[in-house]
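*Asks:* Provided below are the primary sequence and the corresponding predicted coordinates.
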Amino acid sequence: MAKKTKAATNGHGKPGHNKRNGTIRLYRKIIEHDHDPDMDEVCSVIAKEGLTVSQAAMLSGVGNSTLANWQKKKTKRPQHLTMKATLAGIGYAFTIKQVEKLDFAAEMVKAERWHEKRETDRNQQKK
């Protein structure tokens with residue numbers, strides 16, 4: 001008799017909530033990528049420091065396979081806390097800095113137009 005496979009659940013016995021199958025949500029001010037671009041930055045820092053995956057894992061406490069999957073682009077959406085732990089383990093930190101001064105009134109108008117267009121595009125895809 002064939003063994004039944006259990007459907008993916010969200011931990012509460014209900015179907016999982018992520019039905020996008022590995023796609024990254026498109027935000028208005030972020031360029032679309034197939035994976036988190038911060039992950040590339042973390043991998044670049046590891047390489048720049050001349051560390052192997054094993055060395056970076058040892059220093060940070062993050063698993064070897066986690067870092068290897070980042071380098072191979074097998075991971076699409078890594079946990080931010082895991083990236084912070086990796087960087088902290090090798091003497092780096094994520095920083096937040098203002099990259100441009102925004103006119104929020106003008107940006108709200110642009111954002112409303114963007115949301116309307118996105119909603120129109122979604123409705124056309126459903127037809």
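*Replies:* Alright, I've got the coordinates.
*Asks:* Three-state assignment for the residue most central in space within the chain, please.
*Replies:* For the chain, the residue nearest the mean C-alpha position is Arg77 (3.2 Å; CA atoms, centre = their mean). State at Arg77, reduced to three classes by DSSP: H, G, I helix; E, B strand; the rest coil: coil.
*Asks:* That one touches Pro37, doesn't it?
*Replies:* No. Assessed by CB atoms under 8 Å, Arg77 is found out of contact with Pro37, at 11.3 Å. (Each C-beta comes from the backbone N, C-alpha and C, glycine too.)
*Asks:* Check which helices and strands the host helix or strand of Ser44 is in contact with.
*Replies:* Ser44 belongs to helix 37-48 when assigned by DSSP states H and E. Helix 37-48 is packed against helix 64-71, helix 80-89, with contacts defined by 3 or more CB pairs under 8 Å, 6 or more residues apart in numbering; DSSP states H and E.
*Asks:* roughly how far apart are the residue nearest to the centre of the chain and Ala106?
*Replies:* 31 Å (CB to CB, to the nearest Å).
*Asks:* Same check on Thr120?
*Replies:* Thr120 is 22 Å from Ala106, by CB to CB.
*Asks:* for Ile96, helix, strand, or coil?
*Replies:* For Ile96, the secondary-structure state derived from three-state DSSP is coil.
*Asks:* hang on, the earlier thing: tell me which of the helices and strands packed on helix 37-48 lies nearest to Gln124.
*Replies:* helix 80-89 (33.4 Å; CB to CB).
*Asks:* Flag every buried residue along the closest one.
*Replies:* With burial defined by 16 or more other CB atoms under 10 Å, the residues of helix 80-89 counted as buried are Thr82, Met83, Lys84, Thr86, Leu87, Gly89.
*Asks:* Look at Gly13 and report its pLDDT.
*Replies:* For Gly13, the pLDDT comes out at 60.
*Asks:* What of Met58?
*Replies:* On the pLDDT scale, Met58 gets 97.
*Asks:* name the element it belongs to?
*Replies:* Per DSSP H and E: Met58 is located in helix 53-60.
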